[in-house]
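*Asks:* sequence first, predicted model second:
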Protein chains: 4
Amino acid sequence: MAVVEPERTTARRAPRADSIRNREAIIEAAAQVLAEQGSTVDVREIARRSGVGMGTLYRHFPKKEDLVQTVLRDDFTKWAASARQAAIDAEDPWAALTEFYQQALTGYGRHRAIMENFALTWAVPDIEGLGQLRLVIDELCARAGAAGLLRPGVTTDDLLLLLVSLGHAVQVTDECRPQMWNRLLRISLDGLRAGRHREPLPADAAPDTGRGVHHADPVRTSTRRR
Amino acid sequence: MAVVEPERTTARRAPRADSIRNREAIIEAAAQVLAEQGSTVDVREIARRSGVGMGTLYRHFPKKEDLVQTVLRDDFTKWAASARQAAIDAEDPWAALTEFYQQALTGYGRHRAIMENFALTWAVPDIEGLGQLRLVIDELCARAGAAGLLRPGVTTDDLLLLLVSLGHAVQVTDECRPQMWNRLLRISLDGLRAGRHREPLPADAAPDTGRGVHHADPVRTSTRRR
Amino acid sequence: MAVVEPERTTARRAPRADSIRNREAIIEAAAQVLAEQGSTVDVREIARRSGVGMGTLYRHFPKKEDLVQTVLRDDFTKWAASARQAAIDAEDPWAALTEFYQQALTGYGRHRAIMENFALTWAVPDIEGLGQLRLVIDELCARAGAAGLLRPGVTTDDLLLLLVSLGHAVQVTDECRPQMWNRLLRISLDGLRAGRHREPLPADAAPDTGRGVHHADPVRTSTRRR
Amino acid sequence: MAVVEPERTTARRAPRADSIRNREAIIEAAAQVLAEQGSTVDVREIARRSGVGMGTLYRHFPKKEDLVQTVLRDDFTKWAASARQAAIDAEDPWAALTEFYQQALTGYGRHRAIMENFALTWAVPDIEGLGQLRLVIDELCARAGAAGLLRPGVTTDDLLLLLVSLGHAVQVTDECRPQMWNRLLRISLDGLRAGRHREPLPADAAPDTGRGVHHADPVRTSTRRR
DNA sequence: CATGAATGAGGATTCATTCAT
DNA sequence: CATGAATGAATCCTCATTCAT
């Protein structure tokens, strides 16, 4: 009775091998499908591709949302890591910034669900896994700023929004004009760079047009029904 | 021939007056709803707001898509016109470009369906109504280019993609950080401007990182589109 | 133009003929199925029996619960009315009470959904349609009480609970021993009647056993999980 | 024969000790859960509370129903025993009857699964474990009848149905009006008692209304049971 | 023999589109 | 020709039961 039962202890973990395989198959399949089709996917498609039944899927992830969040957290993490690594490998702060965007967009710009959720950065307070990415950008921003390379007034939020924005460009041109977004990236980075003829970016400033909105707002989206 | 059967002609027109009124009510309502909620709206919501029955709606537009396209063609047209006007009113080619973006984004950046479909510019061959916008941009591009203000190598497609990209920024920050996109616009415009320290933009060039993609592409979105 | 269009007005109501037929078919089918199987029925069974598609059913009743409530309100109303009529037709207050129970149990005792919901009288504050029944019982209680026929201390709630209780007896014996519940009814009514050797029913009194619970409560239902 | 293969016997017993412990844990947990939530509980909840896996549970009880029946047989037995004891402890036949109901309802009236299955007394031929309870009631009925205390014509079935009926009353009022059922019990017992002004209860008699059913049966539950 | 993961049919609900009035 | 009711495939999720480890 006092005898330990090592094989039972082992036996306790044995069934998990299967389970973990399945869990991973599900996440793998879900990641694929979410990348391809965004968060609106049919749960059954994920089950089919991962080779498990609906029940198995729902055992691991009680709500579709749970699965989506899990996958996205993972992918946000991978994303942040790979983009950060690219930045670290760079020679100077500006190259770091460049490499960061380059890698971030090349690697995950085509991931529909990631981009969908990334777009919610400002609408939804705490998107799972987004934090890490923000930290990386923070870092880059500080580094480039300290080196005097970044146009004064540029914030982490600006860099985030640029990433969201360019991520969308990637999605949009993916099928027919892959890499076209790279041109936009170069343009934006040039616009971000500090320079003699570049005045600082004022807080929440519009371009110095001196004029306001020309016409009455034709899009009345503020009157949300329901 | 046109006057042979006057009463039949009259008979034909009487219902058409109604019909036209209905058609316009539908389009008006659809435009509103599409702007607010994007193309995923329930057709019933459109019918409800326009005050016509589903049958009438489907008589005018046999598929939801037909209605959406019709509305978007109209809105693309209005969009192009208003943005073009802003450009025309500007004093110089560069101000024209600035005003164009300013107006385009302020006016329709929040129009969800427009932005959704605008994003399809490269994926779908001929989006209804998009042509005019492209013409306007073409014009602006040529003008600014001729004045030597635009960085060499920048194409109409670049400017279009920038608009798509910034449009997305507008959508994404609309609720919580309105106007934040303006900072991105300024940055991008600065990056677009010709300048001493600005080399020409090479055809489909990536930023001069000298390196390719760091990791294998983790997002395999090319397989199985529905 | 100023001419009224009476046929259009008529035309507006025409489509409803179908709709009303369907609505009634749905309610009829639902009433049947709910009576037979209780509130857990498959919605598709109701759709099938009423000969309409799922969409039609859900157009009329957006939630299953709505349909159930509608049917139950109707049936509670019919129930109260028929039982009340039986009471009214009776010669004296006591016969009224007797007839009331008789009719109530004969008519709807076998209605599973009604009895299920009736059972919730104390658990759920305001069951749709239950009010009328309570009013009828109130009336009967007062009448019989005023006539000195009802054992003092008996309340409307007692009579309600008796009805719930006997309703269950009907359900339980329906298949194999129909009418057996009648014996219980007679017993209960006799126990309800005022009489020389019948002391008043004290408020919330247990039978005068003089003793409490004999054993510790073997049913620990109070520790509800979740 | 029993001693031919002692080590095999031992080998057989070792696992069985475990097995028995498990079986009892399952039954214990099931009893609790069934009492709380009735027979519709999720089997997993039982497995969880008993601390065994689903496989073990299903090894002991191949169908959910088997487990339920086993538990209920036990609980019916305990129920019968405790109620019988209360009756035995009573001073006279009438007190015995009173105490029996009192104890039966106080002890198990809130046991949802018991009451659910008890309700099947007439629908299902041989409910496991119900027999003992019937025997106890038989006894009480005979005793009270012999003492001339029970209204003539009252049968064991009547007393059983009364118990079912009052059991339902307990369930129905448990949360909001505990003990309210006691009033109904007193009423019923008074109605059961023999007395001057109490005529015998005729076999399967309806109350002496002299009339039949007033309306056509509005509840047609006889068709189509699944 | 215990474990708990896997299975998949079944149930409520939505919405583009068709059709009777 | 307008109306809005009808249709039913598609979608998320649950739970009794089986099976690999």
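*Replies:* Done, it's in.
*Asks:* quick one: name the residues of chain A near DNA strand E.
*Replies:* For chain A, the contact set with DNA strand E under Cβ under 7 Å from any atom of the strand comprises A:11-12, A:15-16, A:18-19, A:21-23, A:51-56, A:58-60. Heads up, the C-betas are built off the backbone N, CA and C, glycines and all.
*Asks:* any idea of the mean pLDDT in stretch A:185-196?
*Replies:* For stretch A:185-196, mean pLDDT is 90.
*Asks:* and that stretch, how far out from the chain middle?
*Replies:* Offset of stretch A:185-196 from its chain centre (Cα atoms, centre = their mean, to the nearest Å): 22 Å.
*Asks:* now check that stretch, is it near chain B?
*Replies:* Yes: residues of stretch A:185-196 contacting chain B under Cβ under 8 Å from any Cβ of the partner chain: A:Leu185, A:Arg186, A:Ile187, A:Ser188, A:Leu189, A:Asp190, A:Gly191, A:Leu192, A:Gly195.
*Asks:* check which helix or strand covers the first one.
*Replies:* Counting by DSSP states H and E, the secondary-structure element that holds A:Leu185 is helix A:180-192.
*Asks:* and stretch A:79-94, how far from the chain's centre?
*Replies:* Using Cα atoms, centre = their mean, the offset of stretch A:79-94 from its chain centre is 15 Å.
*Asks:* and of the residues of stretch A:185-196 next to chain B, the nearest to DNA strand F?
*Replies:* A:Leu185 (33.9 Å; Cβ to the nearest atom of the strand).
*Asks:* I figured the closest one hits A:Gln103, correct?
*Replies:* No: taking Cβ atoms under 8 Å as the definition, A:Leu185 is not a contact partner of A:Gln103, at 11.2 Å.
*Asks:* same for the helix holding A:Leu185, what does it pack against?
*Replies:* helix A:93-108, helix A:156-173, helix B:156-173, helix B:180-192 (3 or more Cβ pairs under 8 Å, 6 or more residues apart in numbering or on different chains; DSSP states H and E).
*Asks:* let's have those in a markdown table, adding distance to D:Gln132 and mean neighbour count.
*Replies:* Shown next, in a markdown table, are the helices and strands packed on helix A:180-192 (distance: least, Cβ to Cβ, whole Å; neighbours: other Cβ atoms under 10 Å in any protein chain shown):
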| stretch | distance to D:Gln132 | mean neighbour count |
| --- | --- | --- |
| helix A:93-108 | 69 | 24 |
| helix A:156-173 | 72 | 23 |
| helix B:156-173 | 71 | 23 |
| helix B:180-192 | 77 | 24 |
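*Asks:* let's have those helices in JSON lines, adding distance to A:Ala35.
*Replies:* Converted to JSON lines, the helices and strands packed on helix A:180-192 look like this (distance: least, Cβ to Cβ, whole Å):
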{"stretch": "helix A:93-108", "distance to A:Ala35": "8"}
{"stretch": "helix A:156-173", "distance to A:Ala35": "11"}
{"stretch": "helix B:156-173", "distance to A:Ala35": "18"}
{"stretch": "helix B:180-192", "distance to A:Ala35": "25"}
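*Asks:* which PyMOL command selects the buried ones in the residues of chain A next to DNA strand E?
*Replies:* Applying 16 or more other Cβ atoms under 10 Å in any protein chain shown to the residues of chain A next to DNA strand E, the buried members can be selected in PyMOL as follows:
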select buried, chain A and resi 22+23+52+56+58+60
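*Asks:* so which of the residues of chain A next to DNA strand E are in helices?
*Replies:* Using DSSP state H, A:11-12, A:15-16, A:18-19, A:21-23, A:54-56, A:58-60 are the members of those that sit in helices.
*Asks:* spatially, which two of the residues you listed are the most separated?
*Replies:* A:Ala11 and A:Met54 (28.0 Å; Cβ to Cβ).
*Asks:* extract the C-alpha set from the helix holding A:Leu185 and format it as CSV.
*Replies:* Extracted in CSV, the C-alpha atoms of helix A:180-192 (Å, rounded to 0.1, in the frame of the first residue of the first chain):
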residue,chain,number,x,y,z
MET,A,180,3.0,45.2,-53.4
TRP,A,181,2.5,46.2,-49.8
ASN,A,182,6.3,46.4,-49.5
ARG,A,183,6.2,49.7,-51.4
LEU,A,184,3.8,51.1,-49.0
LEU,A,185,5.9,50.0,-46.1
ARG,A,186,8.9,51.7,-47.6
ILE,A,187,7.0,54.9,-48.1
SER,A,188,5.6,54.8,-44.5
LEU,A,189,9.0,54.1,-43.0
ASP,A,190,10.5,57.0,-44.9
GLY,A,191,7.7,59.2,-43.6
LEU,A,192,8.4,58.0,-40.1
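*Asks:* coming back round to it: how about the helices and strands packed on helix A:180-192 in CSV, adding distance to DNA strand F?
*Replies:* Output for the helices and strands packed on helix A:180-192, formatted as CSV (distance: least, Cβ to the nearest atom of the strand, whole Å):
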stretch, distance to DNA strand F
helix A:93-108, 23
helix A:156-173, 21
helix B:156-173, 24
helix B:180-192, 32
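*Asks:* list the contacts for the residue nearest to A:Asp138 when sequence neighbours are not counted?
*Replies:* Distances taken as Cβ to Cβ, 6 or more residues apart in numbering or on different chains put A:Thr156 closest to A:Asp138, at 5.0 Å, once the chain neighbours are dropped. By Cβ atoms under 8 Å, 6 or more residues apart in numbering or on different chains, the residues touching A:Thr156 are A:Arg134, A:Ile137, A:Asp138, A:Cys141.
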